[in-house]
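Engineer: Next comes the sequence, and after it the predicted model I'd like to discuss.
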Amino acid sequence: MDTVVFLFPQINFSAPKEEAYFKMLGETELRASRMKDGNSRNKDKEKDKKSRLSLLLARSGSHENVSPEKNPPVKTNNIPPEVALRWSDSFEDLLGHPDGVEAFTKFLRTQFSEENIEFWMACEDYKTTESATKLQSKAKQMYAVFIDAEAPKEINIDHSTKQTIQKNIAQPTQSCFDAAQSKIYTLMKKDCYPRFLASDIYLALTKRKGPVVMTRRRSRSFVFSERGEATTPWL
């Protein structure tokens, strides 16, 4: 006697054909719907993964407050005006002070260009990495966050520099991102830094109502006043 195998044991075949058919069809559609939902969730996870990569970079080094979500507002009460005024001496002085970096980062957010300072800081951290394993991991993360064409915080560098980085991260060294970092540094110094000194953010820190004029001493014989006038210190 032949053995009959039922592919759909959950269906009552003694019921009318129409009822059995629609029950089978409904379960098939349910399985298809579940598969579709699963694929959709996987795509959403991939999108979320890229957006979280910037946070991974921040956690990997000492600059863990780079991201907008974690970086608190600059507390002007804690920064003496005379300290903030020294940041106008040079861009190097600004980046050499933690509060200066924080204030500059806040300004760049208002300009929708915070990726520049974040990339520069990530490069500073990257160059201090000695472990070959960590170096490779950080290089891939930085490429995904700042260099790739679909990077969530893509920096503005030329195609040739991007290609060189893509080639070098296969066997990364501490100098992989030096060329790109130099270009971004120059961009910030020549374009962003002067606008920062004239911004409300910086003026609030210095307790001034107008743009701060460079106060660096040019010689012992004279200094520049706030108005930009040359005066002798003994008069």
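Structural biologist: Thanks, I have the structure now.

Engineer: T110: neighbouring residues, count only.
Structural biologist: 12 (other C-beta atoms under 10 Å). C-beta here means a position set from N, CA and C on the backbone, and glycine is covered the same way.

Engineer: Check the one 10 residues further on too.
Structural biologist: Applying the criterion other C-beta under 10 Å, we find 21 residues in the vicinity of W120.

Engineer: before we move on, what SS does it have?
Structural biologist: Assigned by DSSP: H, G, I helix; E, B strand; the rest coil, the conformation of W120 is helix.

Engineer: Hmm, it is touching L187, no?
Structural biologist: No. Using C-beta atoms under 8 Å, W120 makes no contact with L187, being 9.8 Å away.

Engineer: Need the overlap of contacts for these two.
Structural biologist: Shared contacts of W120 and L187 (C-beta atoms under 8 Å, 6 or more residues apart in numbering): none.

Engineer: Quick check, V101 in contact with W120.
Structural biologist: No. Taking contacts as C-beta under 8 Å, V101 lies outside contact range of W120: 9.3 Å.

Engineer: just the strands in the chain please.
Structural biologist: Along the chain, the segments classed as strands by DSSP state E run 223-224, 230-231.

Engineer: if we can go back for a sec, which neighbours do V101 and W120 share?
Structural biologist: In contact with both V101 and W120: L95, using C-beta under 8 Å, 6+ apart.

Engineer: circling back to that earlier point, which of the strands of the chain comes out lowest on mean pLDDT?
Structural biologist: Note on the strands of the chain: strand 223-224 shows the lowest mean pLDDT, a mean of 38.

Engineer: send the alpha carbons of stretch 189-202 over as CSV?
Structural biologist: Extracted in CSV, the C-alpha atoms of stretch 189-202 (Å, rounded to 0.1, in the frame of the first residue of the first chain):
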residue,chain,number,x,y,z
LYS,A,189,42.9,77.8,9.3
LYS,A,190,42.2,79.9,6.2
ASP,A,191,38.4,79.7,6.1
CYS,A,192,36.8,78.6,9.3
TYR,A,193,39.2,80.1,11.9
PRO,A,194,38.7,83.8,10.8
ARG,A,195,34.9,83.4,10.8
PHE,A,196,35.1,81.8,14.2
LEU,A,197,36.9,84.8,15.6
ALA,A,198,34.1,87.0,14.4
SER,A,199,31.3,84.7,15.6
ASP,A,200,28.9,85.3,18.4
ILE,A,201,30.2,82.2,20.1
TYR,A,202,33.8,83.6,20.4
